[in-house]
Each structure stands twice: as C-alpha cells, then as structure tokens.
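Fold the following, please.
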Amino acid sequence: MEFNITTPALLFSAISLLLLAYTNRFLTLASLVRQFVSLYAEKKEDNILKQISNFRIRLTLIKYTQLLGVLSFLCCVFCMFLTLFGKVFIAELIFALSLILMMASLLCSLFEIFISIGALKLELTHIYEETQK
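Okay, the predicted model is just below:
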C-alpha cells in the first residue's frame, strides 16, 4: 500500500461526523439529566434515582468516547505533518494509532448505547409496574 498525505485525510470526514454525533448524544443526555434531577427534587422516587445513576455512567462513557475521538483526530493531523516532512514510517505508525483510537472510541460509543437501552428498559418496566397496580 502506498502511504501518502491523502490516506489520513480520508479519516477527517469520518472523525468529524462521529464527533458531531457524540456531541449530539452528550447534549441530549445533559438535557435529560437536568430534567431528571429537577423531577427527583420534586418526587424523590427510587426509579428516578436509578435513572440518574445510569446517566452518570453514560456521561463518563461519552467523555471517553469524545476523548478517544479527538485523540484520533489529533493523530491524523500529526500523521499528515509527518508525511509532509518525509517521515513516512513514523506517519504510518501514528496513523495506525489513530485507527486504534477510533476503534476504541466506537467501542465506548457502542457500550454507551447498550447502557442507554438498559435505561429505556428501566422506564418501560416502571410504566408496566404502574399499570399493574
């Protein structure tokens, strides 16, 4: 495979779109946290407290997802600089690191999605229990 400056440039659009998606997930979750905190202040229900605990885990995962995505992006930029200066072997290694960081970011995102599904199941269970009373 011939490695040149366009190779890491291919990741730019993908990383940018992923970071945008991660940011949207964070903003949505931040809004939900604010809603549930004020709801808990009013009702003090155990179900709301479980959701807030779930949000804490999800926020941590989103933080690491974004961190890994940004590090991947920075590695891509650094890789392009190295390629410009003729340091192709080191650029290839940094590009490989960028790909690994992006995979880790995607895995964190996937894990966060599974946890959010768990939160939805918790809500559905709560509604089902309320209707059975």
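
Contact partners for Glu92?
Phe3, Cys79 (Cβ atoms under 8 Å, 6 or more residues apart in numbering). From N, CA and C alone the C-beta is placed, and that goes for glycine too.

rerun at 6 Å
Phe3 (Cβ atoms under 6 Å, 6 or more residues apart in numbering).

That one: which element?
Element membership of Glu92 [criterion: DSSP states H and E] is helix 88-132.

pLDDT on that helix, on average?
Mean pLDDT, computed over helix 88-132, is 87.

Going forward, the N-terminal residue is numbered 103.
Happy to do that; since the first residue is 103 now, the last one works out to helix 190-234.

centre of the chain versus that helix, how much separation?
Helix 190-234 has its average C-alpha position 6 Å from the chain's average C-alpha position, going by Cα atoms, centre = their mean, to the nearest Å.

mind listing what's buried in stretch 116-124?
If you call a residue buried by 16 or more other Cβ atoms under 10 Å, then stretch 116-124 has these buried ones: Ile117, Leu120, Leu121, Tyr124.

for stretch 171-185, same thing?
Across stretch 171-185, burial judged by 16+ other Cβ under 10 Å covers Gly171, Leu173, Ser174, Phe175, Cys177, Cys178, Phe180, Cys181, Met182, Leu184, Thr185.

and the two most separated of those?
Based on Cβ to Cβ, the longest span within these runs between Gly171 and Thr185 and measures 21.3 Å.

which of the buried residues of stretch 116-124 lies closest to Phe138?
Phe138 has its nearest neighbour among the buried residues of stretch 116-124 in Tyr124, at 20.9 Å by Cβ to Cβ.
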